[in-house]
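Colleague: With the input below, show me the fold.
(one chain, ligands or ions: 2)
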Amino acid sequence: MPDRIPLLIDTDPGVDDAWALLMAFASPAHRLLGLTVTAGNVGLDHTVRNALKLCEVAGVELPVFPGCPVPLVHPAGDAAYVHGRDGFGDTGYLPPARPAEAEHAALAMIRLSRAHPGLLLVCLGPLTNLALALRLDPGLPARIGRLVVMGGAVTGQGNTSVSAEFNIGFDPEAAHVVFEAFESFDLVDWEAVLRHGLPHDEVERWFAEGGPKAAFYAAISRRTREWSEDRRGQLWHCADGLAMLAALEPEAVTGWARRPVAVETGGRLARGATIVDWGNRSGRPARARILEGVDPARFHHWLRLALA
Ligand code: BDR
Ligand code: CA
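Modeller: Residues are numbered from 1 along each chain as shown. Ligands and ions are numbered 1, 2, ... in the order given. Predicted coordinates for the structure are as follows:
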């Protein structure tokens with residue numbers, strides 16, 4: 001078997017983060033080095049605890065590195081109204097047995113990228129930890145083989161404000177730092193997520209077919225699914241799962257568009273918006289490969305594999 005691809009995931013679990021992490025746990029082709037955790041969907045205490053709990057439920061021994069508790073510059077509101085006050089649907093689960101690491105997430109990113117040059121870095125939350133790591137070590141991008149970011153709304157149809165998607169809107173300054181530092185990165189945006197909705201009844205069937213992981217996931221996602229059905233109708237959206245599919249199986253992607261992307265960090269109406277230069281008018285480097293679509297069958301395959 002060829003060498004497994006070293007993989008590091010930065011995350012703010014988070015109901016959809018959890019499914020994406022289960023996908024990564026299930027990949028035979030990747031060697032997961034650890035989870036760096038940020039605040040985002042809910043506060044850092046909860047996102048770290050959720051990451052540890054998910055590892056425990058999945059029977060995976062991984063270091064979990066706590067990162068930044070707040071955005072780089074401006075305070076931001078969380079998404080507890082979607083994910084529950086604890087970020088995992090307020091099920092009251094027993095606390096995880098294992099503690100988090102003492103090393104900061106940003107330092108862990110730097111150290112692990114030195115130990116595993118060429119690693120695959122997947123960011124499923126606000127980009128605060130990665131931005132901090134870049135300020136500490138500007139040479140970091142040269143040691144990342146591929147960066148996949150879940151974030152943005154590439155034609156301005158946001159989910160946290162009119163024009164901003166949550167991960168970028170939570171910490172626009174961090175996203176700006178990251179987007180300017182990497183010569184190339186892959187962007188899986190909210191509007192792509194909307195094109196890859198999952199029928200609620202099908203998802204419920206998958207949960208019913210699965211084992212203990214599926215049962216845990218069904219429980220922590222119940223409130224989010226109810227909220228989503230109420231607000232968005234028949235289809236549920238697993239944003240971080242779509243990004244994870246593009247990361248784990250790039251062959252499942254049916255198209256990319258390479259364009260310059262900038263982040264609005266000021267603005268009265270559009271703070272946190274991802275401004276895509278669709279017409280290549282700016283002359284700025286086209287650093288982002290924006291995901292256009294994936295093969296739904298491969299997406300469903302991975303989502304089910306994750307629950308098995
Ligand atoms: C992103 O925001 C978060 O609420 C989700 O976990 C996902 O990473 C979707 O906009
Ligand atoms: Ca997330």
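
Colleague: what's near enough to touch the residue most central in space within the chain?
Modeller: A centroid search over the chain (CA atoms, centre = their mean) returns L124, at 1.3 Å, as the residue closest to the centre. Applying CB atoms under 8 Å, 6 or more residues apart in numbering, we find L124 in contact with 9-12, 14, 16-17, 20, 150, 167, 240, 243-244. Bear in mind the C-beta positions are built from the backbone N, C-alpha and C, glycine included.

Colleague: mind checking how far it is from P28?
Modeller: According to CB to CB, to the nearest Å, L124 stands 21 Å off from P28.

Colleague: who in the stretch 151-300 of the chain is up against ligand 2?
Modeller: Neighbours of ligand 2 within the stretch 151-300 of the chain, by CB under 5 Å from the ion: D240.

Colleague: Quick check: strands, which of the contacts of L124 are part of them?
Modeller: I9, D10, T11, M150 (DSSP state E).

Colleague: Report pLDDT for the closest residue to E251 other than its chain neighbours.
Modeller: Of all residues not flanking E251 in the chain, R298 sits nearest, at 8.0 Å (CB to CB, 6 or more residues apart in numbering). pLDDT recorded at R298 is 98.

Colleague: residues contacting R298?
Modeller: Residues counted as contacts of R298 (CB under 8 Å, 6+ apart) are L245, E249, E251, A252.

Colleague: Then D16?
Modeller: L124, H237, C238, A239, D240, G241.

Colleague: let's see 6 Å
Modeller: D16 makes contacts with C238, A239, D240, as judged by CB atoms under 6 Å, 6 or more residues apart in numbering.

Colleague: next one: P66
Modeller: V37, V48, A100.

Colleague: Among those, which are located in helices?
Modeller: Among the contacts of P66, DSSP state H puts V48 in helices.

Colleague: Please identify which of the contacts of P66 is nearest to ligand 2.
Modeller: Set against ligand 2, the nearest of the contacts of P66 by CB to the ion is V37 (10.6 Å).

Colleague: Need the pLDDT of the closest one.
Modeller: Looking at V37, its pLDDT is 98.

Colleague: Which of the three states applies to A270?
Modeller: Counting by DSSP: H, G, I helix; E, B strand; the rest coil, the backbone at A270 sits in coil.

Colleague: can you count the residues close to the nearest residue to G151 once chain neighbours are set aside?
Modeller: Take G151 and drop its neighbours on the chain: the residue closest to it by CB to CB, 6+ apart is N167, 3.9 Å away. By the criterion of other CB atoms under 10 Å, N167 has 32 neighbours.
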